[in-house]
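Chemist: Here is my input, please return the structure:
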Amino acid sequence: MINFKELASTYKTPLYIYDLDYMTAQYEELKEAFRGRKSILAFAIKSNSNLSIISHFATLGSGADCVSIGEVRRAFLAGIPSYKIIFSGVGKSDDEIREAIEKEILYINVESEAELGRVELIAKELKVTCRISVRVNPNIDPLTHPYISTGLHDNKFGVEIEAAKRMYIRANNSEHLDPVGIHFHIGSQLTELKPIYESAEIVADLVRSLQSIKVELKFFDIGGGLGVRYKDEVTIKPYDYAQAVLSTLKGLDLTIICEPGRFLTANGGYFLTKVLYEKKNGAKRFVVVDGAMNDLLRPSLYKAYHRIEAITSSKTEESEADVVGPVCESGDFFAKNYPLPTLEHNDLLVLHSAGAYGFGMGSNYNTRGRSVEVAIKGGEARVIRRREEFEDLIALEKEYLVK
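Modeler: Numbering: from 1, shown residues only. From the prediction side, this is the model:
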């Protein structure tokens, strides 16, 4: 049981709290689902990029799914071995590609024919052979929010089947490219098994087709995206997820790579904010808190739902209120028309399911420092990132101040 009052008193608000024991349990459940098959769980760093979180998963044996060279560097700093690091993303610069090759990571996930050309050229300049995987876009509707859908031809990610075949043939014939894997990821917050199965079946058939022309792959990368419960979603059980994927791989000797992010961290994270006051505009009720859209952007960006728990002595009946922050935007809200009791100054609100895409999507908009992050393990709390102060915000500007 997390003592939110005590944490607010010790660390002040707004505040992110992460339950590492919960994250361990999630990791172990997913790993167990693939037991009996060679597999690597590669934590999707973009979901929560705090070094201590990445390090925690490293101690459990995790790899890392990275979408920038900064995330690759974080993975190394946190103790992820190079042979478990994957570098994905649509727009890799030459410098990023070069550094990834030099660091000898497991492979670079290539997302276009043009990118494959850049990787080959840079590998040739370095006089090395670069391991690659091709991200295939199976054109399957993931049945999720359009902003986090990635498996349709309307999305910017991956390549269609015929383009993938051309890329594998080119890579197989190149002395500077080594095609070792195939990758697909159709979206995030997936709660339907059918699109995952259909995508795996399409990509597995492509692997068999490639085998017939002597392109032998070692890794079958199924991406991530396994959904979690924010409100009343019916989620996919890890065992069912694993069985659906494995059922498509009959006759194929491949190492499964899974890239969980949200599944591991979302429901192990909490955002704690303090009530400043209530106000009314006519019949409209607002609860104004000290956290804002710069701290937790998901409600403003996606209209995402986070369950809100009020920590208060109030016994009044609940009535609908908008929970809003201090940022000077009408889009600065955590919830609209949410049932809450009458709240007083210094009451606390806990936003649940805030462990993924929370702090990492934060900003310093309105010159607001980002909040402190605290991890709890075995009942003990410790700071894993201090609160940003004003001096931190201006540090990169001060010496260039034009007077």
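Chemist: those strands in the stretch 51-200 of the chain, which residues are they?
Modeler: 63-66, 85-87, 107-110, 130-135, 177-183 (DSSP state E, counting those that start in this stretch).
Chemist: Those: which one's closest to residue 341?
Modeler: Set against residue 341 and scored by C-beta to C-beta, the strands of the stretch 51-200 of the chain come closest in strand 63-66, at 41.7 Å. Yep, even glycine has a C-beta here, placed from its N, CA and C like the rest.
Chemist: just the strands of the stretch 51-200 of the chain: most buried one?
Modeler: Burial among the strands of the stretch 51-200 of the chain, expressed as mean neighbours by mean count of other C-beta atoms under 10 Å, is greatest for strand 63-66, which shows a mean of 29.
Chemist: Of all the strands of the stretch 51-200 of the chain, which one is nearest residue 223?
Modeler: Each of the strands of the stretch 51-200 of the chain was checked against residue 223 via C-beta to C-beta, and the shortest separation belongs to strand 177-183, namely 6.6 Å.
Chemist: elements contacting the closest one?
Modeler: If contacts are counted by 3 or more C-beta pairs under 8 Å, 6 or more residues apart in numbering; DSSP states H and E, strand 177-183 sits against strand 107-110, helix 113-126, strand 130-135, helix 161-172, helix 193-211, strand 219-221.
Chemist: From the rest of the structure, what touches the shortest one?
Modeler: Strand 219-221 is touched from outside by 86, 106-107, 109, 133, 180-185, 203-204, 207, 249, 252, 254-259, with contacts defined as C-beta atoms under 8 Å, 6 or more residues apart in numbering.
Chemist: thinking again about what came up before, of all the strands of the stretch 51-200 of the chain, which one is nearest residue 322?
Modeler: Nearest of the strands of the stretch 51-200 of the chain to residue 322, taken as C-beta to C-beta: strand 63-66 at 36.0 Å.
Chemist: Is it possible to get CSV of the strands of the stretch 51-200 of the chain that adds mean pLDDT?
Modeler: Written out in CSV, the entries for these read as follows (pLDDT from 0 to 100):
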stretch, mean pLDDT
strand 63-66, 98
strand 85-87, 98
strand 107-110, 97
strand 130-135, 97
strand 177-183, 98
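Chemist: Nearest to residue 225, out of those strands?
Modeler: Proximity to residue 225 (C-beta to C-beta) singles out strand 63-66 among these, at 11.2 Å.
Chemist: what residues does the closest one touch?
Modeler: 40-46, 54, 71-72, 74-75, 78, 80-81, 84-89, 106, 224, 257, 259, 261.
Chemist: quick one, which of the strands of the stretch 51-200 of the chain is nearest to residue 403?
Modeler: strand 63-66 (40.9 Å).
Chemist: Pull up the pairing partners for that closest one, direction included.
Modeler: Strand pairing for strand 63-66, using DSSP bridges, gives strand 39-44 (parallel), strand 85-87 (parallel).
Chemist: Geometrically speaking, which residue is the centre of the protein?
Modeler: The central residue of the chain, meaning the one whose C-alpha is nearest the mean C-alpha position (C-alpha atoms, centre = their mean), is residue 47 at 2.3 Å.
Chemist: and the residue lying closest to residue 201 once chain neighbours are set aside, what does it touch?
Modeler: Closest residue to residue 201 in three dimensions, ignoring its sequence neighbours and counting by C-beta to C-beta, 6 or more residues apart in numbering: residue 248, at 4.6 Å. With contact taken as C-beta under 8 Å, 6+ apart, residue 248 is in contact with 197, 200, 201, 203, 204.
Chemist: Looking at those, which one is closest to residue 216?
Modeler: Lowest distance from residue 216 to these (C-beta to C-beta) belongs to residue 204, with 14.5 Å.
Chemist: what's the distance between the spatially closest residue to that closest one that is not a sequence neighbour and residue 266?
Modeler: If you skip the residues right next to it in sequence, residue 204 has residue 248 as its closest partner in space, 4.3 Å away by C-beta to C-beta, 6+ apart. When distances are taken as C-beta to C-beta, to the nearest Å, residue 248 and residue 266 turn out to be 27 Å apart.
Chemist: hmm, back to that, present the contacts of residue 248 as CSV; the columns should include distance to residue 8 and pLDDT.
Modeler: Conversion of those to CSV gives the following (distance: C-beta to C-beta, whole Å; pLDDT from 0 to 100):
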residue, distance to residue 8, pLDDT
197, 44, 91
200, 45, 93
201, 49, 93
203, 47, 94
204, 50, 96
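Chemist: Filter those residues down to the buried ones, PyMOL style.
Modeler: Selecting in PyMOL just the buried members of these, where the criterion is 16 or more other C-beta atoms under 10 Å, is done with this command:
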select buried, resi 197+200+201+203+204
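Chemist: Would you mark the buried spots in stretch 218-230?
Modeler: Neighbour counts over stretch 218-230 (16+ other C-beta under 10 Å) mark 218, 219, 220, 221, 222, 223, 224, 225, 226, 227, 228, 230 as buried.
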